[in-house]
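Colleague: Here is my input, please return the structure:
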Amino acid sequence: MGINVIGITHPGQVGALPGGTNVLVLADDGTFADEFLDTDLHAHQVVVRAHGRGSAFFGVADKARELGADRVLFGGVHDTAASLVTGEDPVLVLGVRPPGGPIACNAAFLEELVNWPRPARAYRGDVDHWLAENALREGLRVELVSWVMDTVPMRRKLTA
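Modeller: Take a look at the predicted model:
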């Protein structure tokens with residue numbers, strides 16, 4: 001496995017890390033940056049400025065693309081979500097826990113993401129809906145995962 005970029009918004013979110021080269025990216029307004037950088041988390045550590053969930057996700061995703069990451073795991077590291085974002089075809093995995101669960105995607109999805117205009121609402125808490133809308137419009141694979149990690153393809157859920 002190549003590079004995993006794991007986005008967190010608080011140092012306490014760091015849990016078990018998947019295999020490969022791990023880069024932890026703290027998306028933060030500066031509150032926890034020093035604590036994060038002073039803690040040895042057995043991974044490369046980077047801080048990006050962010051204000052809100054959408055801003056945090058885009059900061060992490062943009063850093064992942066810059067680093068040539070194979071996949072991005074944001075808002076929680078889960079084996080099932082990580083296993084779904086492998087391969088050559090673009091895939092987005094969204095957690096269904098309100099007010100937004102983990103978001104995961106692969107490098108091919110990051111290449112699609114860079115081409116989509118980002119409205120102001122996407123930088124706030126509505127990033128999950130914005131990602132799903134764009135991915136479905138483009139015909140990309142979208143998976144929903146619950147905290148117990150059952151998966152439901154979004155197209156099936158929307159057409160059922």
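
Colleague: how far does the top strand by length along the chain sit from the chain's center?
Modeller: Once the chain is assigned using DSSP state E, the strand that runs over the most residues is strand 21-28. Between the centre of strand 21-28 and the centre of its host chain there is 11 Å, according to C-alpha atoms, centre = their mean, to the nearest Å.

Colleague: what sits up against that strand?
Modeller: The contact list for strand 21-28 (C-beta atoms under 8 Å, 6 or more residues apart in numbering) reads 2-11, 14, 32-33, 36, 41, 43-50, 55-57, 59-60, 63-64, 67, 69. (Each C-beta comes from the backbone N, C-alpha and C, glycine too.)

Colleague: List the buried residues of it.
Modeller: Buried residues in strand 21-28, counted by 16 or more other C-beta atoms under 10 Å: 22-28.

Colleague: Show the contacting residues for the residue nearest the centre of the chain.
Modeller: Nearest to the mean C-alpha position of the chain, by C-alpha atoms, centre = their mean, lies residue 74 at 3.3 Å. Neighbour list for residue 74: 6-7, 56-57, 60-61, 102-104 [criterion: C-beta under 8 Å, 6+ apart].

Colleague: Test of understanding: give the bridge partners of it.
Modeller: On the basis of DSSP bridges, residue 74 is bridged to residue 7, residue 103.

Colleague: give me the number of residues near residue 61?
Modeller: When neighbours are defined as other C-beta atoms under 10 Å, residue 61 has 26 of them.

Colleague: Repeat that for residue 20.
Modeller: Neighbouring residues of residue 20 were enumerated by other C-beta under 10 Å; the total is 14.

Colleague: In contact with it, which residues are there?
Modeller: Taking C-beta under 8 Å, 6+ apart as the criterion, residue 20 is in contact with 1-4, 70.

Colleague: Which positions in stretch 130-137 come out as buried?
Modeller: Within stretch 130-137, the residues that count as buried by 16+ other C-beta under 10 Å are 130-132, 134-135.

Colleague: before we move on, back to that, show me which of the contacts of residue 74 has the smallest pLDDT value.
Modeller: When the contacts of residue 74 are compared on pLDDT, residue 102 comes out lowest, with 87.

Colleague: check contacts around it.
Modeller: Contact analysis of residue 102 by C-beta under 8 Å, 6+ apart lists 73-78, 81, 93-95, 145.

Colleague: Looking at these, which are in helices?
Modeller: Secondary structure defined by DSSP state H assigns residue 81 of the contacts of residue 102 to helices.
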